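# Show me the folded form of this:
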Amino acid sequence: MFTGSNLKRIFNLVRGYKEASLSKFSKTQYMVDAIIDGKDPLEGLSDVELRGANLLQGILADSKIGDKTYSDDEFSLLLFNLGTDRAREIIRFQCLRA
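Numbers count the residues shown, from 1 in each chain. All right, here's what the predicted structure looks like:
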């Protein structure tokens, strides 16, 4: 039986699914555009930042940690997912710690 509260709940579920799908689509579209345009997520980084990115990748690709590790392509995809500004922020933070 459809009641006011059930309809609202169904509407909210559909709206949440739609928003999640659009967000996922936007991220996928951004990654595809970046790949087609040939943009390297590490492009424009200084030598120090590149070393920070390599150090970060080494940590994330370390099979001894027992968690998820990343191939080169998966690491690049991770940077794409983060977005340029956030990826650089993390890399710069890593450089300060190194």
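# and this structure, what are its domains?
1-39, 40-98 (automatic domain parsing).
# Where does pLDDT dip in this structure?
1-5, 7, 11-12, 14, 16-41, 62-63, 65-68, 94, 96-98 (pLDDT under 70).
# which stretches of it form helices?
Secondary structure of the chain, counting by DSSP state H: helices at 4-36, 47-60, 72-82, 84-97.
# Pull out the buried residues from the last one.
Taking 16 or more other Cβ atoms under 10 Å as the neighbour-count basis, helix 84-97 is seen to contain the buried residues 87-88, 91-92, 94-95. Backbone N, C-alpha and C define where each C-beta goes, glycine included.
# Let me know the closest of those to residue 60.
residue 94 (10.8 Å; Cβ to Cβ).
# Do I have it right that residue 90 meets residue 82?
Yes - in this structure residue 90 lies within contact range of residue 82 using Cβ atoms under 8 Å: 7.0 Å.
# Can you tell me which of the buried residues of helix 84-97 lies closest to residue 56?
Using Cβ to Cβ, the buried residues of helix 84-97 come closest to residue 56 at residue 94, 5.0 Å.
# From the structure, what's the count of residues near residue 61?
15 (other Cβ atoms under 10 Å).
# For residue 44, see how far away it is.
23 Å (Cβ to Cβ, to the nearest Å).
# Residue 9 - how many residues pack around it?
11.
# With residue 59 instead?
Considering only other Cβ under 10 Å, residue 59 is surrounded by 12 other residues.
# now it: how far from residue 90?
Counting by Cβ to Cβ, the gap from residue 59 to residue 90 is 11 Å.
# List the buried residues of stretch 54-65.
Neighbour counts over stretch 54-65 (16+ other Cβ under 10 Å) mark 56-57 as buried.
# wouldn't residue 50 be in contact with residue 44 here?
No - taking Cβ under 8 Å as the definition, residue 50 is not a contact partner of residue 44, at 10.0 Å.
# Who has more neighbours out of these two?
Set residue 50 next to residue 44 and count neighbours by other Cβ under 10 Å: residue 50 wins out with 14 against 11.
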